[in-house]
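> Below is the structure, and that's it, no one-letter string:
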């Protein structure tokens, strides 16, 4: 090995390709964009993977079946009884704000639901959106109370009023 071959194969930084700098560069004249069409013009956007040209798009070709209640479904942040035991003192009043400050109810959700995983020896007063039967049983056996917050009311549907009878 000599000093003339030390640098071979080592690339520290690849320089940016300078297009439109003459035919000798290999990227001259049209700057590797081709001659005509949308791709050769300035300000064009690249197509998405779902783009199909003039053909009917795939999302419109496939049949739509079934029903999804994703729009109306409630999603709850789940907290276990064992986590309450570890983070809160006996006799504490626990609600959504207290769980959020303790770091148990972070993230998006429509409310908090307590699950029954873990042991509970302390007495707690809970005010939550939902609770499982085993969790409720454990809290009440320890001497605590559970208050369920009612979910938000469903929106009133705009039902069409009956049309008045036509006068003849």
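Yep, that arrived. Bear in mind the structure is a predicted one, so any value in this text is a computation, not a measurement.

> CA only for contacts and neighbour counts going forward, please
OK.

> how about the strands in this protein?
In the chain, the strands defined using DSSP state E lie at 76-80, 92-94, 111-115, 124-128, 130-131, 145-148.

> For the spatially closest residue to residue 104 that is not a sequence neighbour, grab the count of nearby residues.
The shortest distance from residue 104 to any non-neighbouring residue, by C-alpha to C-alpha, 6 or more residues apart in numbering, is to residue 79 (6.7 Å). Using other C-alpha atoms under 10 Å, residue 79 has 18 other residues around it.

> The one 10 residues further on now?
Neighbourhood size, residue 89 [other C-alpha under 10 Å]: 12.

> can you pull the contacts of the residue nearest to residue 104?
Contacts for residue 79 (C-alpha atoms under 8 Å, 6 or more residues apart in numbering) come out as 104, 105, 112, 113, 114, 115.

> at 10 Å what do you get?
Neighbouring residues of residue 79 by C-alpha atoms under 10 Å, 6 or more residues apart in numbering: 99, 104, 105, 112, 113, 114, 115, 116, 117, 131.

> got a pLDDT number for the second one?
Just to be clear, that refers to residue 104. In this model, residue 104 is scored at 92, pLDDT.

> residue contacts, it?
Counted by C-alpha under 10 Å, 6+ apart, residue 104 has contacts 77, 78, 79, 80, 83, 84, 87, 96, 98, 112.

> Between these, which sits nearest residue 123?
Nearest to residue 123 among those: residue 84, at 10.3 Å, using C-alpha to C-alpha.

> Any figure for the gap between the closest one and residue 132?
Going from residue 84 to residue 132 by C-alpha to C-alpha, to the nearest Å gives 15 Å.

> These two: which has the busier surroundings?
More neighbours surround residue 84 than the other of residue 84 and residue 132, with 22 against 12 (other C-alpha under 10 Å).

> Am I right that that one is in contact with residue 95?
No: applying C-alpha atoms under 10 Å as the test, residue 84 and residue 95 come out as separate, 11.2 Å apart.

> Other residues contacting stretch 20-34?
Taking C-alpha under 10 Å, 6+ apart as the rule, stretch 20-34 contacts 17, 18, 19, 35, 36, 39, 40, 41.

> okay, the angle between the biggest helix by length in the chain and strand 124-128?
Determined from DSSP state H, the single longest helix within the chain is helix 133-141. Angle, helix 133-141 to strand 124-128, by axes from the mean of the first three to the mean of the last three C-alpha atoms, to 10 degrees: 140 degrees.

> Leaving out sequence neighbours, find the closest residue to the most centrally placed residue in the chain.
The centroid of the chain falls nearest to residue 108 when counting by C-alpha atoms, centre = their mean (8.7 Å). In space, and not counting its chain neighbours, residue 108 is closest to residue 77: 7.7 Å by C-alpha to C-alpha, 6+ apart.
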